[in-house]
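Enquirer: pasting the sequence and the predicted coordinates here, then a few questions.
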Amino acid sequence: MASGHLQGRLLKMLVKMIRPKTILEIGTYSGYSTLCLAEGLDEGGVIHTFDINDELEEFTRPWIEQSAFADNIVMHIGDALQLIPSMDIKFDMAFVDGDKRHYADYYATIIPKLNDEGYIIADNTLWDGHVIEQETHDAQTLGIQFFNNMVAADENVEKVILPLRDGLTIIRKKKQLLNS
């Protein structure tokens, strides 16, 4: 359930390349991906990480607070879909690795909070190959399939799926031009 070493190194490298000042993470879990993202941040960068499972906080918070990046990480426990809309923050980057059934909802919540030319990185978008199953009743598979189709149809973003581990989709929000 945690990002592996290769994916962690890729996350760090993407942060180094993109140089976001604010990162949103949905799905903290053990905090491994959070720390990898933080490792790539420039000085003053901040990650807001959300996990709905309050039972993990006791396990995860010490890893974050005892890390060299503690000052750059704000851990939120609660439903990201309810908390993010009320935040007065725009993000440069988002990493999505939460409940697969809600990926489309996360996307719809993140896009208005994402700066133009910002990035969303979504994990598990190949879902162990289950995304190509024609007849499935698994809610998580259906959630990822719906998300993938929604992103593929969105002309306001550029996107690519990397077949790394369980699939990593990189999405870049296009610059919105104002009508004259």
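Expert: All right, it came through fine. Numbers count the residues shown, from 1 in each chain.
Enquirer: for the protein, which strand is longest?
Expert: Looking across the chain with DSSP state E, the single longest strand is strand 114-123.
Enquirer: listing partners with orientation, what would you give for it?
Expert: Sheet pairing of strand 114-123 (DSSP bridges) gives strand 91-96 (parallel), strand 168-173 (antiparallel).
Enquirer: let me have those in TSV, extended by mean pLDDT and distance to residue 73.
Expert: The C-beta positions use only the backbone N, C-alpha and C, and glycine is treated the same way. Output for these, formatted as TSV (pLDDT from 0 to 100; distance: least, Cβ to Cβ, whole Å):
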stretch	mean pLDDT	distance to residue 73
strand 91-96	98	13
strand 168-173	97	21
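Enquirer: just name the most buried of those strands.
Expert: The highest average neighbour count among the strands paired with strand 114-123, using mean count of other Cβ atoms under 10 Å, belongs to strand 91-96 at a mean of 24.
Enquirer: following the chain onward from it, which element is next?
Expert: Reading on from strand 91-96 to the C-terminus, the next helix or strand found by DSSP states H and E is helix 103-110.
Enquirer: what lies in contact with the lowest-mean-pLDDT helix or strand in the chain?
Expert: Here the helix or strand of the chain ranked lowest by mean pLDDT, DSSP states H and E is helix 57-65, holding a mean of 88. Residues outside helix 57-65 that contact it (Cβ atoms under 8 Å, 6 or more residues apart in numbering) are 28-31, 34-35, 49, 51, 70, 73, 75, 77.
Enquirer: I am finished for the moment; much appreciated.
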